[in-house]
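[1] Prediction below, plus the sequence it came from.
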Amino acid sequence: MDPFQTRRLGNTSVELPQFGFGGAPLGELFEKVEEEQSSETLNAAYSSGIRYFDTAPWYGHGLSEHRTGGLLRRYPRNEFLLSTKVGRIYKAFPGDPEDFVGPPWVGGLPFELKFDYSATGFQRSFEDSTLRLGLNRIDLLIIHDLDQGYHGDSVSEKLHQLESGIQWLKEIRRSGIIGGFGAGINDAEMMPKLLEHFEMDFFLVAMPYTLLNQEPLENVFPECEKRGMGIIIGAPYASGILATGVSKGARYGYAPVKESISRRVHAIEDICREHQIPLKAAALQFPLGHKMVSSVIPGAMNPEQVLENLQMMQHPIPDGFWQDLKTENLIHPEAPVPSNP
């Protein structure tokens, strides 16, 4: 599969490469990333041809945006595509930076967040992001983490607040400031709720559509398709286990792995071995079998991971592999899969 072939994102005019760079690990999600390592990782991505970069204020409380902008502003603006997110605004931590604790980030910057999905909050978040990035244009904006996991019973209140935020996003899209906007989703249950109330260009799906979960195929994706929406896959490795396999410290959904998931991954790994296909290759390429999916954007925290991800995207996968997964009920029987050219 060609990592750099482009696909249009839904009804927007944005043509995304099938393979991009996810900036969460550079916010120091699971382990510290020194500045030199971050720079080497981003340079490896750009020099290898990657031209779509995704980041967010949330990633390291601003650290990922600072690092991503440090790379991208050295290059002509028309050479790359950039997305970041809105929904959180930040202020400086008032105490000693050494005392700041900002989980789940093991490092990051000493800034405290407040959720704000209003027009005022979105504008503030957007302007702050341009300053952190050092760039005056962002191609795609993504409403970040409006789901039960972060907001619990206050989700309805946040949805009401979002009404003005959506209007602001529509206005800046109409004016050409951004090429499109969407919502980042960890919880599949939020997708129908957002579709019920709002018009958007795409979803960035961070967990619910992977080699381990095709739940949106039943009702959400058909509705998105009717509306001409696009899909970006933000966590093709399901936060870790589809990269590491079942191993000590493996994560699924950013949490320790349950036994039922371990058994499923073991079964997928068995079929991978039969076909001599790396699990990573299957995980990266699977989502792109769906015509609505424009790009997969795995994270990387060192140059070796960047290059390996690119190799996995290009690893040949025969049609029989996907059929075996369906025969063993390891993926949805109606899941569209990549075709072997």
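    The structure has been received and is ready for your questions. Here the structure is a predicted model, which means the values were calculated and not measured.

[2] what about the strands in this structure?
    In the chain, the strands defined using DSSP state E lie at 6-8, 15-17, 21-22, 52-54, 81-86, 88-92, 111-115, 140-143, 180-185, 202-205, 230-233, 251-252, 255-256, 293-296.

[3] could you redo these as a markdown table and give each row distance to residue 153, mean pLDDT and mean neighbour count?
    Placement of C-beta: from N, CA and C, glycine included. A markdown table is the format used below for those (distance: least, C-beta to C-beta, whole Å; pLDDT from 0 to 100; neighbours: other C-beta atoms under 10 Å):
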| stretch | distance to residue 153 | mean pLDDT | mean neighbour count |
| --- | --- | --- | --- |
| strand 6-8 | 38 | 98 | 15 |
| strand 15-17 | 36 | 98 | 20 |
| strand 21-22 | 30 | 98 | 28 |
| strand 52-54 | 30 | 98 | 26 |
| strand 81-86 | 23 | 98 | 26 |
| strand 88-92 | 19 | 98 | 16 |
| strand 111-115 | 14 | 97 | 15 |
| strand 140-143 | 19 | 98 | 26 |
| strand 180-185 | 19 | 96 | 25 |
| strand 202-205 | 23 | 97 | 28 |
| strand 230-233 | 28 | 98 | 27 |
| strand 251-252 | 26 | 85 | 20 |
| strand 255-256 | 21 | 83 | 10 |
| strand 293-296 | 32 | 98 | 26 |
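
[4] Could you export those strands as CSV, including distance to residue 239?
    Converted to CSV, the strands of the chain look like this (distance: least, C-beta to C-beta, whole Å):
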stretch, distance to residue 239
strand 6-8, 24
strand 15-17, 22
strand 21-22, 11
strand 52-54, 15
strand 81-86, 17
strand 88-92, 20
strand 111-115, 21
strand 140-143, 18
strand 180-185, 14
strand 202-205, 13
strand 230-233, 12
strand 251-252, 5
strand 255-256, 8
strand 293-296, 14
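
[5] So which of those is nearest residue 222?
    Nearest to residue 222, of all the strands of the chain, is strand 230-233, at 12.3 Å by C-beta to C-beta.

[6] Kindly format the C-alpha coordinates of that closest one as PDB.
    What follows is strand 230-233 as a C-alpha-only set of coordinates in PDB (Å, rounded to 0.1, in the frame of the first residue of the first chain):
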ATOM      1  CA  GLY A 230     -14.700  11.400   6.000                       C
ATOM      2  CA  ILE A 231     -12.800   9.300   8.600                       C
ATOM      3  CA  ILE A 232      -9.300   9.600   9.900                       C
ATOM      4  CA  ILE A 233      -8.000   6.800  12.100                       C
END
